[in-house]
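**Student:** need coordinates for the following:
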Amino acid sequence: MVKRLHQPDPHTEQIFLEAEAYQRKGDVYTAVKLYKKTIRLAPSWARPYVQLGTLYKDRADWKTCLHYTNKALLLD
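**Tutor:** Predicted coordinates for the structure are as follows:
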């Protein structure tokens, strides 16, 4: 079976989905922690970088937003 290059394993994807749920609830701290864990497990997957870029944009942390957004663009 051939895995797609940028597709994480099911466990990592589940962590990502949990991060999205925390983000929707407004628990930014936990969402960021889980997105960063997702990145450690699947560093070539762009989606968690996109989500972190969005979170930091919403918090007006432009330097960090730019960091994660640029990383996502390089991976996608």
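**Student:** so where's this protein shaky on pLDDT?
**Tutor:** With pLDDT under 70 as the threshold, the chain has low-confidence stretches at 1-5.
**Student:** so the residue nearest the centre of the chain, which state does it fall into?
**Tutor:** With the centre of the chain defined as its mean C-alpha position, the nearest residue by Cα atoms, centre = their mean is residue 48, 1.4 Å away. Following DSSP: H, G, I helix; E, B strand; the rest coil, we place residue 48 in the helix state.
**Student:** so it touches residue 40, yeah?
**Tutor:** No. Assessed by Cβ atoms under 8 Å, residue 48 is found out of contact with residue 40, at 9.7 Å. (Glycine included, C-beta is placed from N, CA and C.)
**Student:** if we can go back for a sec, need the contact list for the residue nearest to the centre of the chain.
**Tutor:** 16, 19, 35-36, 38-39, 42 (Cβ atoms under 8 Å, 6 or more residues apart in numbering).
**Student:** output the longest helix belonging to the chain.
**Tutor:** Longest helix in the chain by number of residues (criterion: DSSP state H): helix 10-25.
**Student:** residues in contact with it?
**Tutor:** If you take Cβ under 8 Å, 6+ apart as the criterion, helix 10-25 is touched by 8, 28, 30-32, 34-35, 37-38, 41-42, 45, 47-48, 51, 55.
**Student:** most neighbours out of those, which is it?
**Tutor:** Note: the member of these with the most neighbours is residue 48, at 27 neighbours, neighbours being other Cβ atoms under 10 Å.
**Student:** ok, residue 63 - contacts?
**Tutor:** Applying Cβ under 8 Å, 6+ apart, no residues contact residue 63.
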